[in-house]
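S.K.: okay, sequence plus prediction incoming.
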Amino acid sequence: QVQLVESGGRLVQAGGSLRLSCAASGRPLRNFAMGWFRQALGKGREFVAGISNSGGVTDYGDSVRGRFTISRDNANNMAYLQLNSLEPEDTAVYYCAASFLGAVSKDTLRNDYAYWGQGTQVTVSS
């Protein structure tokens, strides 16, 4: 069993930056590829970014590519999402998720993620 806890979400002005953190416990994070998703009010859950278990391969959703950066620190069981050039459309609850696959992409099925966090709210004001 893996527990994931997101943090770092807050209210920020458009154009600003945030770093979200995902702390894992229960099993070594190096065994999992990690994904970040978001869900805006009234919308479905959207893939934001993914990173392979070693950190060598990443993928991004089209709406965030070039603005967001995913990273991980396996030694400390952490995953991160750096959000730059934030836009009001980025307002959502952000979730991290862990997959037993070696790598994940925007095409990875939701069911391939075994563990999910509870989410952290990011609000971008215009």
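M.R.: Perfect, thanks for sending it. Numbering: from 1, shown residues only.
S.K.: got the contact list for the residue nearest the centre of the chain?
M.R.: The residue lying closest to the centre of the chain (Cα atoms, centre = their mean) is Trp36, at 2.1 Å. Going by Cβ atoms under 8 Å, 6 or more residues apart in numbering, Trp36 touches Leu20, Cys22, Val48, Ala49, Gly50, Ile70, Ala79, Leu81, Tyr94, Tyr95, Cys96, Ala97. Every residue, glycine included, has its C-beta placed from N, CA and C.
S.K.: the third one looks like it's in a helix, true?
M.R.: No: under the criterion used here (DSSP: H, G, I helix; E, B strand; the rest coil), Val48 is strand, not part of a helix.
S.K.: so what's it closest to, chain neighbours aside?
M.R.: Nearest non-adjacent residue to Val48, counting by Cβ to Cβ, 6 or more residues apart in numbering: Trp36, 4.3 Å away.
S.K.: all helices of this protein, in order?
M.R.: Using DSSP state H, the chain contains no helices.
S.K.: can you give me the strands in it?
M.R.: Ranges of strands in the chain, per DSSP state E, are 3-7, 11-13, 18-25, 33-39, 45-51, 58-60, 68-73, 78-83, 92-99, 113-116, 120-125.
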